[in-house]
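*Asks:* task: produce atomic coordinates for the following.
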Amino acid sequence: MNMSRLPPLGALAFRQKSQPTGVISLIEDILTRANEHEHQEYHRYRRLCLRFLTYHIGISQLMQTLAIESQQRIQTLIEVSASLPIEQSLLRDPSLRSEQRLQVNPHFFIFDDEVAAQELSRALLEEWRSRRFYERLQAYNAIPGLDAWLNDCIGQRRAQFQILQEARDQLPAALTLPAPTSRDETR
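*Replies:* Now for the predicted structure:
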């Protein structure tokens, strides 16, 4: 078979079919990493939604909205993966999986401004890490079918970082915490 006539994805699919079954392909690796990352993000925001419920209903609803965004990114990834040359879908909806067990300690719920500001600062850090994760995936991506999805994820992460920063800056205790600079956000 003449490999030069096959499109890049077709060539990748041909190579994948010829690999032993124990070899994980680049496509499966990227899809699995992105899927697991979004599952962690979904459950992290669901947990924050519950924690902020006693402190501020608006912040709790914001965290729920961010969890839904993660769920929608997974749904889009599932749709995108349907066009890729993989045997079966490795992806699943996080809302169908039982939620990770929460470690409920006496300080699970947020009741004061200082803890709220700390948790929003931690959420900002995690959002920054998430954006960097997608930027690295994009840098090493060799799958044209994922380019648009990865670009969308990076853009959404930037927007979510900004929203979380604005929410944190509205808190009274935020005045005592150092605010990340715009230089920190772009790294």
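*Asks:* show me where the chain has helices.
*Replies:* Ranges of helices in the chain, per DSSP state H, are 8-18, 26-52, 57-81, 113-140, 147-169, 182-186.
*Asks:* now the angle from the third one to helix 147-169?
*Replies:* Helix 57-81 and helix 147-169 are oriented at 170 degrees to each other (axes from the mean of the first three to the mean of the last three C-alpha atoms, to 10 degrees).
*Asks:* just for the chain, where's the confidence low?
*Replies:* Filtered on pLDDT under 70, the chain yields the residue ranges 1-24, 87-90, 92-106, 173-187.
*Asks:* one step back: can you lay out the helices of the chain as CSV showing distance to His107?
*Replies:* To be clear about C-beta, it is placed using only N, CA and C from the backbone, and glycine gets the same treatment. Listed next are these as CSV, based on distance: least, C-beta to C-beta, whole Å:
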stretch, distance to His107
helix 8-18, 49
helix 26-52, 9
helix 57-81, 17
helix 113-140, 8
helix 147-169, 19
helix 182-186, 28
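*Asks:* can you put these in JSON lines and add mean neighbour count?
*Replies:* Shown next, in JSON lines, are the helices of the chain (neighbours: other C-beta atoms under 10 Å):
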{"stretch": "helix 8-18", "mean neighbour count": "14"}
{"stretch": "helix 26-52", "mean neighbour count": "19"}
{"stretch": "helix 57-81", "mean neighbour count": "18"}
{"stretch": "helix 113-140", "mean neighbour count": "17"}
{"stretch": "helix 147-169", "mean neighbour count": "17"}
{"stretch": "helix 182-186", "mean neighbour count": "10"}
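*Asks:* number of nearby residues for Asp112?
*Replies:* Other residues near Asp112 number 11, with proximity taken as other C-beta atoms under 10 Å.
*Asks:* I'd like the distance between it and Ala139.
*Replies:* Separation of Asp112 from Ala139 (C-beta to C-beta, to the nearest Å) stands at 41 Å.
*Asks:* next one: Ala159
*Replies:* Applying C-beta to C-beta to Ala159 and Ala139 gives a distance of 20 Å.
*Asks:* how about Cys49, nearest residue that isn't a chain neighbour?
*Replies:* Met63 (3.9 Å; C-beta to C-beta, 6 or more residues apart in numbering).
*Asks:* surely the one you found is in contact with Leu48?
*Replies:* Yes: here Met63 lies in contact with Leu48, judged by C-beta atoms under 8 Å, at a distance of 4.2 Å.
*Asks:* which neighbours do the two share?
*Replies:* Counting by C-beta atoms under 8 Å, 6 or more residues apart in numbering, the contacts common to Met63 and Leu48 are Ala123.
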